Each structure stands twice: as structure tokens, then as C-alpha cells.
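K.L.:
okay, here's the prediction I keep looking at, along with the sequence it came from:
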Amino acid sequence: MTSYSFPFTRMRRTRAKKYIRNLVKENSLTVNDFIYPIFIVDGTDKKEPIPEMPGLYRYSLDNLKKELLNISHLNIPAVAIFPNISNNLKNSSGSEALNKNNIVCNAIKLIKDTNNELGIVCDVALDPYTDHGHDGIIINNYVDNDETVKILCEQALIQTEAGCDIIAPSDMMDGRIRKIRETLENNNHKNTLIMSYSAKYSSSFYSPFRHAVGSSKNFGLKDKSTYQMDYSNSKEAIREADLDISEGADMIMVKPGLPYLDIISKLNQKFDIPIFAYQVSGEYSMIMTAINNGLLDKSVIIETLTSFKRAGCSGILTYFAPIASKILNEDK
Ligand code: PBG
């Protein structure tokens, strides 16, 4: 009688060689998963390093064009643009957001002229434009929901008319997805996509971003907890996503990324809609600082991004988009 050794089931069989590891791989990351957020600034010939986000810059529009041409061979599907405007353009109502010639609208036109195939994502929120740094307007010491939504609809329309493909409301006001969708439909913008920041948590991981767009100085130690979600909650994320989908969102987003994989996974089980994660500035800066100091290998970038795919994401907004694309190309 043949004697069998135990264990019969050897999980390591499918790990023994690269070919079999590749065959049983459940999730793979490709460049098609990336949206690259880029910071822009007024002026010419500017490429300002962002100290809080090592390796990233704010580009004036002429240099934005150069950066896009430099990375065009990577075929990243879309970029998200974030403006840093000078303080003298900021006021309590964020009126520069509604200027059809503001830097975001000009950037959209320039990107379309440079590469018509590249998808453009624009944030809808007032924080880069308000002197107090909040995402909406303040009435009686409170970020007023309904008055803010009226302005956001106009902002979304202006960005769409400039050529933006994907409107991404990041403000967390109630009811804004439906109001923006109605505004777009009423103005015959039937194919403009809405990617809703559905589950956006009030997070300290955004602080490098606030330096990058220049809102932190005015914002100080205030927080956005009267509109962004409490990180203790997860049921609420499901209700937020449910509402946004019923109001007309084409895609939903969870933000920040890595500490919120549980939320992504829950939403993925519940809804049949593309889900995106935003690997935010603080996550980028932690990882990049560790890599730059020799504490971690750059392969952690691909590991974190793949974990978003495993949790159920269609794609990821990540400042690592160009670096990650290069690493993926090297590995081929
Ligand atoms: C603005 C906005 C923020 C981010 C994206 N859009 C900051 C905030 O809500 O304060 C954060 C992105 C990042 O940290 O990378 N509404």
C-alpha cells in the first residue's frame, strides 16, 4: 500500500514557480487603472517643488504641457487637475471658481489641445478658491448646504463647457449629485461623467494636499467634520453611495485609500458600479519619504495599488501614476 504523506493540499504548489503564480493571479494592475492628479499654478515657466509631497511639483500651464508630453508614452488614461491660485483671487464665496477663464478652465483647454485622448477629471468644490479654505460658502458660521450646491452646479457647468470629461464633486454637500446631473442634462451635456467622492472622510491624510493647493494657511486648524464623514463610520458610506448612485453618479469614490479598504470592499459587494479609490497626499508622502530614506523598497507602490484592485476598485487616483506605470513597464 502506498503511503501518502500529509498534507495532501499543498497551497505552496501554486506558488512554486513564476508561471503558475502568474496563471493563478486574481488581480493585476495595469496603467489603465490610473488617474494622475496634477497641481497647477498661475504664471509661466514655473515648476515649483511641493515640499510636503516629495518629487511632485506645481506646474504653470506651459510646463504642464511639457509634463504631459513627457508622460504621454505611458498612456495613463486620465489626469485630475488641482489649482493653486493666488490669495488675491480668493474671497469668502470662492467666486474665482465661476470665472470661465480661471486657471482650471484654461488648463482643460490646453490639455485637450495637447492630447485629445487624455481624460480630464475636475474637482467640484470651492476650497482652492475661498479665503477661509472651506469647500462651500459660510452662512451663520456653518457651511451652507443648499447655497453651496447652487454654486457647485455652476462650477460643474463651466468646467464641462471648457471640455472637462469627468466631473468629480469632492465637497460632500447633500443632494449635489442630482442637482449637478440636472444642470448638465438641461444644458445638453449628456455624456459628461460624474465620479462622486461618495465616501470622503474627514481625514488628516489630506494635509500635504492643502499645502499643495495653498488652502492650509487660511484653513489653519479648522476641520471639515460638519460635511466630510467621520472615520468611525462605515454604514454611512453605504447610504452616501446609495444616494449618489440614485442621484445620477456614473462612478463612486472612496477617499482616503489604504486605511479605508474595508469601505471599498463593502461598497463593491453592495453596488454594481465602478468604484475608485483616491490614494491621497498623506499616503503618497508617507510612502515616498520611506522610499527616499531607504526604509522601504519602491515595490511597495505596486503592492499598495494592487490592494485597491483586490478590494474591488476599477481604478485609483494616485500621485504615483507615472512612477507606477514605469515600474509596471520594467516588470514586463
Ligand atoms: C478638496 C479636495 C481635497 C482633496 C481632494 N479634493 C482636500 C480636502 O478635502 O480638504 C485631498 C486630496 C489629497 O489629499 O491628495 N475638496
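P.N.:
Yep, it's here.
K.L.:
contacts, neighbours, all on C-alpha from now
P.N.:
Will do.
K.L.:
just the strands in the protein please.
P.N.:
Listed in chain order, the strands of the chain (DSSP state E) span 34-41, 47-49, 57-59, 78-84, 119-124, 138-139, 142-143, 166-169, 193-200, 251-255, 275-279, 315-318.
K.L.:
could you list the residues in contact with the first one?
P.N.:
Right, strand 34-41. 57-61, 64, 76-85, 103, 212-213, 315-322 (Cα atoms under 8 Å, 6 or more residues apart in numbering).
K.L.:
before we move on, the earlier item: dump the strands of the chain to JSON lines, plus mean neighbour count and distance to the ligand.
P.N.:
Shown next, in JSON lines, are the strands of the chain (neighbours: other Cα atoms under 10 Å; distance: least, Cα to the nearest ligand atom, whole Å):
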{"stretch": "strand 34-41", "mean neighbour count": "23", "distance to the ligand": "8"}
{"stretch": "strand 47-49", "mean neighbour count": "16", "distance to the ligand": "16"}
{"stretch": "strand 57-59", "mean neighbour count": "22", "distance to the ligand": "13"}
{"stretch": "strand 78-84", "mean neighbour count": "21", "distance to the ligand": "8"}
{"stretch": "strand 119-124", "mean neighbour count": "24", "distance to the ligand": "6"}
{"stretch": "strand 138-139", "mean neighbour count": "14", "distance to the ligand": "15"}
{"stretch": "strand 142-143", "mean neighbour count": "14", "distance to the ligand": "13"}
{"stretch": "strand 166-169", "mean neighbour count": "24", "distance to the ligand": "8"}
{"stretch": "strand 193-200", "mean neighbour count": "27", "distance to the ligand": "8"}
{"stretch": "strand 251-255", "mean neighbour count": "25", "distance to the ligand": "8"}
{"stretch": "strand 275-279", "mean neighbour count": "26", "distance to the ligand": "7"}
{"stretch": "strand 315-318", "mean neighbour count": "24", "distance to the ligand": "8"}
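K.L.:
quick one: which of these is nearest residue 93?
P.N.:
strand 138-139 (8.0 Å; Cα to Cα).
K.L.:
now the strands of the chain in TSV, with distance to residue 268?
P.N.:
Formatted as TSV, the strands of the chain follow (distance: least, Cα to Cα, whole Å):
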stretch	distance to residue 268
strand 34-41	18
strand 47-49	37
strand 57-59	33
strand 78-84	22
strand 119-124	22
strand 138-139	35
strand 142-143	31
strand 166-169	19
strand 193-200	13
strand 251-255	10
strand 275-279	7
strand 315-318	13
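K.L.:
need the pLDDT of whichever residue of the stretch 101-250 of the chain sits closest to the ligand.
P.N.:
Taking Cα to the nearest ligand atom as the measure, the stretch 101-250 of the chain has residue 206 as its residue closest to the ligand, at 3.4 Å. pLDDT for residue 206: 96.
K.L.:
quick revisit: mind checking which of the strands of the chain is nearest residue 25?
P.N.:
Comparing these by Cα to Cα, strand 315-318 comes nearest, at 17.8 Å.
K.L.:
so for residue 239, which of the strands of the chain sits nearest?
P.N.:
Comparing the strands of the chain under Cα to Cα, the one sitting nearest is strand 193-200, at 9.2 Å.
K.L.:
which residues touch that closest one?
P.N.:
In contact with strand 193-200 (Cα under 8 Å, 6+ apart) are residues 165-172, 177, 181, 228-229, 237, 240-241, 244, 248-256.
K.L.:
next one: stretch 61-78
P.N.:
By Cα under 8 Å, 6+ apart, stretch 61-78 touches 31-36, 40-47, 107, 110-111, 114, 118-121, 321-322, 325-326.
K.L.:
mind exporting the C-alpha coordinates of that stretch to CSV?
P.N.:
C-alpha atoms of stretch 61-78 as CSV (Å, rounded to 0.1, in the frame of the first residue of the first chain):
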residue,chain,number,x,y,z
LEU,A,61,0.4,75.8,-17.9
ASP,A,62,3.3,75.9,-20.3
ASN,A,63,5.2,73.4,-18.1
LEU,A,64,2.0,71.4,-17.6
LYS,A,65,2.1,70.9,-21.3
LYS,A,66,5.7,69.7,-21.2
GLU,A,67,4.9,67.3,-18.3
LEU,A,68,2.0,65.8,-20.2
LEU,A,69,4.2,65.4,-23.3
ASN,A,70,6.9,63.8,-21.1
ILE,A,71,4.5,61.2,-19.8
SER,A,72,2.3,60.7,-22.9
HIS,A,73,4.2,57.4,-23.9
LEU,A,74,3.0,55.9,-20.6
ASN,A,75,-0.7,56.1,-21.8
ILE,A,76,-2.2,57.0,-18.4
PRO,A,77,-5.9,57.2,-19.2
ALA,A,78,-6.8,60.4,-17.3
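K.L.:
and that stretch, which residues are buried?
P.N.:
For stretch 61-78, a neighbour-count test (16 or more other Cα atoms under 10 Å) marks 61, 63, 64, 65, 68, 74, 76, 77, 78 as buried.
K.L.:
just the closest of those to residue 128, please.
P.N.:
residue 61 (17.0 Å).
K.L.:
any idea how far the residue lying closest to residue 15 once chain neighbours are set aside lies from the ligand?
P.N.:
Leaving aside its sequence neighbours, residue 15 sits nearest to residue 21 (Cα to Cα, 6 or more residues apart in numbering; 5.3 Å). Distance of residue 21 to the ligand, computed by Cα to the nearest ligand atom, to the nearest Å: 33 Å.
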